[in-house]
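Student: Would you be able to build a 3D model of this:
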Amino acid sequence: MFSNRKKIHIEWGDCDPAGIVYYPRYFAYFDNCTAALFAAANMPKHDLLKTHNIAGIPMVDTRARFLAPSRFGDYVEVESCVTTWRNSSFDVQHRLYRDGVLAVECEETRVWVARAPGNPEKIEARSVPDAVILKLGGTRSKSNS
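Tutor: Okay, the predicted model is just below:
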């Protein structure tokens, strides 16, 4: 399974008045880590959109477990990988470590989408290309979504 590690420095603006990371910032980190995962597989997001004529890979579900706080000035490392590939959706797992200790676990479900024919305001799910799945070291599961 292909994975990527991204280092993040916790900035003052990421924190609440108590000096710990305000929880929505973690989801911004994880979104950036998903983009970094694709880039590490030689598929930077801007190229991915053009090459495959898609509108994006929006998140449709997310859940996180917060195990230990991260604070202003900390350096953390996020390990990301795709755990499940379905026809048009996939799950990304992120594990954020502070000082080598697991601090946050996150699971995202994303959908491969393109603009709807005849209505550029609407997006529709498309099948994830096999070449993309292979570059990220995966295989498609039997699920329909």
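
Student: host element of the residue nearest the centre of the chain?
Tutor: The C-alpha lying nearest the average C-alpha coordinate of the chain belongs to residue 34 (C-alpha atoms, centre = their mean; 2.9 Å). If you go by DSSP states H and E, residue 34 is part of helix 23-40.

Student: on that earlier part again, quick one: the residue nearest to the centre of the chain and residue 80 touch, right?
Tutor: Yes - with contact defined as C-beta atoms under 8 Å, residue 34 reaches residue 80; the gap is 6.5 Å. Every residue, glycine included, has its C-beta placed from N, CA and C.

Student: Overlap in contacts, those two.
Tutor: Residues within reach of residue 34 and of residue 80 at once, by C-beta atoms under 8 Å, 6 or more residues apart in numbering, are 92, 94.

Student: Show me the shaky parts of the protein.
Tutor: Low-confidence segments of the chain (pLDDT under 70): 143-145.

Student: before we move on, back to that, if you skip the residues just before and after it, what's nearest to the residue nearest to the centre of the chain?
Tutor: Closest residue to residue 34 apart from its sequence neighbours, by C-beta to C-beta, 6 or more residues apart in numbering: residue 92 at 5.3 Å.

Student: residue contacts, residue 52?
Tutor: With contacts defined as C-beta under 8 Å, 6+ apart, residue 52 is in contact with 129, 132.

Student: where's it relative to residue 104, distance?
Tutor: 30 Å (C-beta to C-beta, to the nearest Å).

Student: now do residue 12
Tutor: Relative to residue 104, residue 12 is positioned 19 Å away (C-beta to C-beta).

Student: do the same with residue 131
Tutor: Look at residue 131 and residue 104: by C-beta to C-beta, they are 31 Å apart.

Student: if you count what's nearby, which of those two comes out ahead?
Tutor: Comparing residue 131 with residue 104 by other C-beta atoms under 10 Å, the one with more neighbours is residue 104, at 23 against 10.

Student: That one: helix or strand, and which one exactly?
Tutor: Using DSSP H and E, the element containing residue 104 is strand 101-111.
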